[in-house]
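Engineer: Okay, structure incoming, though there's no sequence with it:
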């Protein structure tokens with residue numbers, strides 16, 4: 001899982017994530033696929049490190065305006081997962097739904113937007129974050 005953590009951290013440095021910290025991303029990936037880039041789940045419907053269903057992957061990559069992403073590429077799956085979390089699609093992942101807000105809040109988060117005493121943990125999107133910055 002160390003390599004998954006390194007990839008996730010690298011991705012987050014390039015792609016700002018306002019709704020997902022590295023530890024939670026790695027926890028979800030571990031739960032979804034045990035870090036296996038070629039994992040198959042949901043009776044053969046889901047594939048890969050992030051366990052995307054092909055239709056969901058294609059739908060999200062269209063919405064994200066990322067037409068060059070490839071379904072079986074684990075880096076592309078993780079990149080689209082970051083986009084999905086930034087845009088309110090976290091509940092599409094079974095393992096995210098299994099995590100309670102309390103469990104996420106207990107983690108030592110690396111996301112600078114996380115306020116440890118905040119209850120419940122709030123996920124915001126990029127537009128909201130930028131509006132908050134511009135209003136200051």
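Structural biologist: Nice, thanks for sending it over. This one's a predicted model, so the numbers in the text were calculated from it and none came from an experiment.

Engineer: So residue 56, which state does it fall into?
Structural biologist: When classified by DSSP: H, G, I helix; E, B strand; the rest coil, residue 56 comes out as helix.

Engineer: count of neighbours near residue 88?
Structural biologist: Residue 88: 12 surrounding residues under other CB atoms under 10 Å. From N, CA and C alone the C-beta is placed, and that goes for glycine too.

Engineer: now residue 55
Structural biologist: Residue neighbour count, defined by other CB under 10 Å, stands at 9 for residue 55.

Engineer: Could you do residue 39 as well?
Structural biologist: 17.

Engineer: cool, the one 10 residues further on as well?
Structural biologist: Neighbouring residues of residue 49 were enumerated by other CB under 10 Å; the total is 25.

Engineer: Look up the closest residue to it, ignoring the ones flanking it.
Structural biologist: residue 74 (4.2 Å; CB to CB, 6 or more residues apart in numbering).

Engineer: Correct me if wrong, but residue 69 is in a strand.
Structural biologist: No: counting by three-state DSSP, residue 69 is not part of a strand but coil.

Engineer: Which residues lie in contact with it in this structure?
Structural biologist: Neighbouring residues of residue 69 by CB atoms under 8 Å, 6 or more residues apart in numbering: 57, 61, 76, 79-80.

Engineer: Report the separation between the nearest residue to it once chain neighbours are set aside and residue 83.
Structural biologist: Among residues not flanking residue 69 along the chain, residue 76 sits closest, at 4.2 Å (CB to CB, 6+ apart). Counting by CB to CB, to the nearest Å, the separation of residue 76 from residue 83 is 10 Å.

Engineer: thinking again about what came up before, just name the closest of the contacts of residue 69 to residue 39, please.
Structural biologist: Nearest to residue 39 among the contacts of residue 69: residue 57, at 14.2 Å, using CB to CB.

Engineer: and that closest one, how many residues sit next to it?
Structural biologist: When neighbours are counted by other CB under 10 Å, residue 57 registers 23.

Engineer: Before I go, just wanted to say thanks for your time.
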